[in-house]
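Q: Pasting the sequence and the predicted coordinates here, then a few questions.
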Amino acid sequence: MNPTLPAGSSSEPCADRPHQEPSGEECPQGAPFREELPGIVAGLLESCRDPETFHHVNLVGLPSREAVARLLEGFRRILFPGYFGDQEIDHTNLSFQLGIEVNRLFDLLSQQITLSIRHECRRYQNICTQCLDRGQREAVILLKKMAGLRRLLADDVRAAYQGDPAAKSFDEIIFSYPSLAAITAYRIAHELVVQDIPLLPRMMSEHTHSLTGIDIHPGARIGRHFFIDHGTGVVIGETSVIGDRVRVYQGVTLGALSLRMDEEGDLLRKSKRHPTIEDGVTIYSGATILGGKTIIGAGSIIGGNVWLTRSVPPGTTVLIEPPQLRYKGDKID
């Protein structure tokens, strides 16, 4: 301690007078604000005892959001070999590279599936037995589907190329189109839904939603040759059913009408709440289609900004009445 300083003073320069010339005077020591921190911690601990708040204490581990991002990157490397990652791949080392990726995916995927299953067991107060075995088994089931998913996604790439005159090549679509990234994540997550894996599918879809602005619930059922043009703001709800060769533009919502509440006050989550879009339908930007009983017939065209809560027969074109525009001159009298 500097013997020339008065008691309670600091030897550090005064930081709260940055515009004054140094005078040699030292700032007094600041108030002990850190002493307030134990009280803050005590308040947080007390709030954790409140049954109306949420915490995840004394429970099994959760799947990791960072691991989910790594999983999706790993899946992209095996679904589109040579496009992603920093290794050049040829037919000589393809088997080696795929073997490395599949082994990594198996370890990480089985771990995250196991955590999802354990969490669900604890949530419903069930005894969790053989969770690790089931996690590995379900990981193998999903990995066995990858060859078929490659063919399905190849059809989606062709749909994008045929539907977008601005696309210069298949490579450009695979490398850069956010819609293909969202559809790829959806098709993986949907298979996990089919396998009845909790939590993990939604984590995958929401991670991709945050990156692309495209929100596809993994529970939706989407057919082949699917294309989302531009994509920002697209929302496809959980019980939506979409046929083959459907094209959707930015800002489209396939949503639910407001639901009545059941006797226990819980939403009717198991009902069909979102529309059915049959084969060959085109839905232009900003259109909103709502309701579980709403069916858009095959080959129909739904124009931009249309609001639909009723079914339309096959081959129907639905357009909003053109607005009346007013033009004013540059000068005002």
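A: Yep, that arrived.

Q: Which strands or helices does the lowest-mean-pLDDT helix or strand in the chain pack on?
A: Between all helices and strands in the chain, the lowest mean by mean pLDDT, DSSP states H and E belongs to helix 94-123, at a mean of 90. Helix 94-123 is packed against helix 65-79, helix 131-144, helix 200-212, with contacts defined by 3 or more Cβ pairs under 8 Å, 6 or more residues apart in numbering; DSSP states H and E. (C-beta placed from N, C-alpha, C; glycine too.)

Q: Would you mind putting these into JSON lines with mean neighbour count, mean pLDDT and distance to Gln162 alongside?
A: As requested, the helices and strands packed on helix 94-123 are exported to JSON lines (neighbours: other Cβ atoms under 10 Å; pLDDT from 0 to 100; distance: least, Cβ to Cβ, whole Å):
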{"stretch": "helix 65-79", "mean neighbour count": "18", "mean pLDDT": "96", "distance to Gln162": "20"}
{"stretch": "helix 131-144", "mean neighbour count": "16", "mean pLDDT": "94", "distance to Gln162": "29"}
{"stretch": "helix 200-212", "mean neighbour count": "20", "mean pLDDT": "97", "distance to Gln162": "21"}
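
Q: quick one: the least confident helix or strand of the chain to helix 200-212, angle?
A: Angle, helix 94-123 to helix 200-212, by axes from the mean of the first three to the mean of the last three Cα atoms, to 10 degrees: 120 degrees.

Q: Let me know the angle separating helix 94-123 from helix 131-144.
A: Angle between the axes of helix 94-123 and helix 131-144 is 140 degrees (criterion: the same axes, to 10 degrees).

Q: Quick one: the helices and strands packed on helix 94-123 as JSON lines, columns for distance to Ile117 too.
A: Converted to JSON lines, the helices and strands packed on helix 94-123 look like this (distance: least, Cβ to Cβ, whole Å):
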{"stretch": "helix 65-79", "distance to Ile117": "15"}
{"stretch": "helix 131-144", "distance to Ile117": "5"}
{"stretch": "helix 200-212", "distance to Ile117": "9"}
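
Q: I'd guess Ser47 is in a helix, am I close?
A: Yes. Secondary structure assignment places Ser47 in a helix (DSSP: H, G, I helix; E, B strand; the rest coil).

Q: Would you enumerate the residues in contact with it?
A: When contacts are counted by Cβ atoms under 8 Å, 6 or more residues apart in numbering, Ser47 touches Thr53.

Q: gap between it and His55?
A: Ser47 sits 9 Å away from His55, taking Cβ to Cβ, to the nearest Å as the criterion.

Q: swap in Ile174?
A: Applying Cβ to Cβ to Ile174 and His55 gives a distance of 42 Å.

Q: who has more neighbours, the two?
A: Ile174 (21 against 11; other Cβ atoms under 10 Å).

Q: Where does that one fall, secondary structure wise?
A: helix 170-176 (DSSP states H and E).

Q: list the buried ones in that helix?
A: 173-174 (16 or more other Cβ atoms under 10 Å).

Q: list the helices and strands it packs on?
A: Judged by 3+ Cβ pairs under 8 Å, 6+ apart, the packing partners of helix 170-176 are helix 146-163.

Q: What lies in contact with the helix it packs on?
A: Identification of contacts with helix 146-163 by Cβ under 8 Å, 6+ apart yields 75, 78-80, 167, 169-170, 173-174, 177, 179-180, 183-184, 187-188, 191, 224-227, 229, 245, 247.

Q: now do 7 Å
A: With contacts defined as Cβ atoms under 7 Å, 6 or more residues apart in numbering, helix 146-163 is touched by 78-79, 167, 170, 173-174, 177, 179-180, 183-184, 187, 224-227, 229, 247.

Q: what sits up against the helix or strand containing Glu191?
A: Following DSSP H and E, one finds Glu191 within helix 178-194. Contacting residues not belonging to helix 178-194 are listed as 72, 75-76, 79, 142, 145, 149, 152-153, 156-157, 160, 173-174, 200-201, 204-205, 208, 211-212, 214, 216, 218-219, 222, 226-228, 231 [Cβ under 7 Å, 6+ apart].
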